[in-house]
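S.K.: Have a look at this fold, sequence not included:
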(Lines give C-alpha, C1' and ligand atoms only; values in the text may rest on other atoms or scores of the structure.)
Protein backbone atom coordinates (compact mmCIF):
# COMPACT_ATOMS: atom_id res chain seq x y z
CA UNK A 1 0.00 0.00 0.00
CA UNK A 2 1.10 3.53 -0.78
CA UNK A 3 -0.36 6.69 0.72
CA UNK A 4 -0.02 10.01 -1.08
CA UNK A 5 -0.65 13.43 0.42
CA UNK A 6 -0.49 16.58 -1.70
CA UNK A 7 0.12 20.09 -0.45
CA UNK A 8 1.06 23.50 -1.78
CA UNK A 9 -2.03 24.48 -3.70
CA UNK A 10 -3.63 27.89 -3.42
CA UNK A 11 -4.66 31.05 -5.17
CA UNK A 12 -2.15 32.86 -7.36
CA UNK A 13 -2.30 35.57 -9.99
CA UNK A 14 -1.57 34.82 -13.62
CA UNK A 15 2.16 34.76 -14.23
CA UNK A 16 2.88 33.62 -10.70
CA UNK A 17 4.35 30.40 -9.37
CA UNK A 18 3.43 27.59 -7.01
CA UNK A 19 5.21 24.46 -5.90
CA UNK A 20 3.15 21.39 -5.17
CA UNK A 21 4.43 18.58 -3.00
CA UNK A 22 3.34 14.96 -2.84
CA UNK A 23 4.55 13.03 0.20
CA UNK A 24 4.51 9.27 -0.24
CA UNK A 25 4.49 6.72 2.54
CA UNK A 26 4.17 2.98 2.74
CA UNK A 27 5.87 0.70 0.23
CA UNK A 28 7.86 3.13 -1.90
CA UNK A 29 10.94 2.65 -4.05
CA UNK A 30 13.03 4.63 -6.50
CA UNK A 31 11.61 2.46 -9.28
CA UNK A 32 8.10 3.78 -8.64
CA UNK A 33 6.61 5.94 -11.34
CA UNK A 34 5.14 9.16 -9.95
CA UNK A 35 2.74 11.32 -11.88
CA UNK A 36 0.75 14.53 -11.60
CA UNK A 37 -2.71 14.92 -13.09
CA UNK A 38 -5.25 17.70 -12.95
CA UNK A 39 -8.97 18.03 -13.34
CA UNK A 40 -10.82 21.27 -13.97
CA UNK A 41 -14.56 21.62 -13.33
CA UNK A 42 -16.57 19.95 -16.06
CA UNK A 43 -13.48 18.49 -17.71
CA UNK A 44 -11.81 15.12 -17.73
CA UNK A 45 -8.72 14.39 -15.72
CA UNK A 46 -5.63 15.15 -17.75
CA UNK A 47 -1.97 14.22 -17.55
CA UNK A 48 0.44 16.92 -16.42
CA UNK A 49 3.83 15.32 -15.74
CA UNK A 50 5.51 12.08 -14.70
CA UNK A 51 8.80 10.90 -13.27
CA UNK A 52 10.09 7.46 -14.20
CA UNK A 53 13.58 6.42 -13.26
CA UNK A 54 14.79 9.98 -13.67
CA UNK A 55 13.15 10.41 -17.07
CA UNK A 56 10.65 13.24 -17.11
CA UNK A 57 7.46 13.46 -19.14
CA UNK A 58 5.26 16.52 -19.65
CA UNK A 59 2.01 17.43 -21.29
CA UNK A 60 2.51 19.86 -24.15
CA UNK A 61 0.36 22.43 -22.37
CA UNK A 62 2.82 22.71 -19.46
CA UNK A 63 6.14 22.01 -21.15
CA UNK A 64 8.63 24.76 -20.42
CA UNK A 65 6.57 26.08 -17.50
CA UNK A 66 6.25 23.14 -15.10
CA UNK A 67 9.01 20.96 -13.67
CA UNK A 68 8.57 17.64 -11.92
CA UNK A 69 11.25 16.46 -9.52
CA UNK A 70 11.68 13.81 -6.90
CA UNK A 71 13.55 13.65 -3.61
CA UNK A 72 13.86 9.92 -2.96
CA UNK A 73 15.35 10.49 0.50
CA UNK A 74 12.19 12.35 1.52
CA UNK A 75 9.82 10.17 -0.55
CA UNK A 76 8.42 13.37 -2.01
CA UNK A 77 7.61 14.44 -5.54
CA UNK A 78 7.36 18.10 -6.46
CA UNK A 79 5.67 20.01 -9.23
CA UNK A 80 7.14 23.47 -9.71
CA UNK A 81 4.67 25.55 -11.68
CA UNK A 82 5.81 28.82 -13.21
CA UNK A 83 4.14 31.32 -15.53
CA UNK A 84 0.75 30.10 -14.39
CA UNK A 85 -2.28 30.81 -16.54
CA UNK A 86 -5.98 30.89 -15.65
CA UNK A 87 -6.43 27.70 -17.68
CA UNK A 88 -4.13 25.91 -15.22
CA UNK A 89 -6.87 26.20 -12.60
CA UNK A 90 -7.76 22.68 -11.46
CA UNK A 91 -7.48 20.14 -8.70
CA UNK A 92 -4.02 18.65 -8.95
CA UNK A 93 -3.48 15.07 -7.84
CA UNK A 94 -0.40 12.95 -7.62
CA UNK A 95 -0.41 9.27 -8.46
CA UNK A 96 1.96 6.35 -8.12
CA UNK A 97 2.76 3.04 -9.73
CA UNK A 98 4.90 0.84 -7.47
CA UNK A 99 7.82 -0.62 -9.43
CA UNK A 100 6.38 1.18 -12.43
CA UNK A 101 9.77 1.61 -14.07
CA UNK A 102 9.72 -2.11 -14.86
CA UNK A 103 6.07 -2.34 -15.92
CA UNK A 104 6.21 -0.29 -19.12
CA UNK A 105 2.69 1.07 -18.88
CA UNK A 106 1.45 4.15 -20.66
CA UNK A 107 2.02 6.68 -17.89
CA UNK A 108 0.23 9.42 -19.76
CA UNK A 109 -3.00 7.60 -18.91
CA UNK A 110 -4.62 7.92 -15.49
CA UNK A 111 -5.76 4.30 -15.70
CA UNK A 112 -2.12 3.17 -15.50
CA UNK A 113 -1.71 4.43 -11.93
CA UNK A 114 -2.50 2.35 -8.85
CA UNK A 115 -2.57 4.92 -6.04
CA UNK A 116 -3.89 8.46 -5.84
CA UNK A 117 -3.77 11.34 -3.43
CA UNK A 118 -6.78 13.44 -2.47
CA UNK A 119 -5.73 16.39 -4.56
CA UNK A 120 -4.96 20.04 -3.94
CA UNK A 121 -6.76 23.01 -5.49
CA UNK A 122 -4.83 25.44 -7.67
CA UNK A 123 -6.64 28.59 -8.72
CA UNK A 124 -5.05 31.11 -11.08
CA UNK A 125 -6.75 34.47 -11.32
CA UNK A 126 -6.50 36.69 -14.40
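M.R.: Cool, got the structure. All values reported here derive from a predicted model rather than from experimental measurement.

S.K.: quick one: what helix or strand has the spatially most central residue of the chain in it?
M.R.: When C-alpha atoms, centre = their mean is applied to the chain, the residue found nearest the centroid is residue 36 (1.9 Å). Using DSSP states H and E, residue 36 sits within strand 33-39.

S.K.: Next, the angle from the helix or strand following that strand to strand 33-39.
M.R.: Downstream of strand 33-39, the next assigned helix or strand under DSSP H and E is strand 46-52. Interaxial angle, strand 46-52 versus strand 33-39 (axes from the mean of the first three to the mean of the last three C-alpha atoms, to 10 degrees): 170 degrees.

S.K.: so what strands line up beside strand 46-52?
M.R.: Here strand 46-52 has these sheet partners by DSSP bridges: strand 33-39 (antiparallel), strand 55-58 (antiparallel).

S.K.: Can you list the buried residues in it?
M.R.: 47-52 (16 or more other C-beta atoms under 10 Å). From N, CA and C alone the C-beta is placed, and that goes for glycine too.

S.K.: what sits against residue 89?
M.R.: 40, 122-124 (C-beta atoms under 8 Å, 6 or more residues apart in numbering).

S.K.: and with 6 Å instead?
M.R.: By C-beta atoms under 6 Å, 6 or more residues apart in numbering, the residues touching residue 89 are 123-124.

S.K.: Not counting its own residues, what contacts the strand holding residue 36?
M.R.: 45-52, 77, 79, 90-97, 100, 107, 110.

S.K.: Enumerate the positions of it that are buried.
M.R.: For strand 33-39, a neighbour-count test (16+ other C-beta under 10 Å) marks 33-38 as buried.

S.K.: now, which of those sits nearest residue 85?
M.R.: Using C-beta to C-beta, residue 38 comes nearest to residue 85 of the buried residues of strand 33-39, at 12.5 Å.

S.K.: I'd like the average pLDDT over stretch 55-70.
M.R.: Average pLDDT, stretch 55-70: 97.

S.K.: gap between it and the chain center?
M.R.: Centre-to-centre, stretch 55-70 and its host chain are 9 Å apart (C-alpha atoms, centre = their mean, to the nearest Å).
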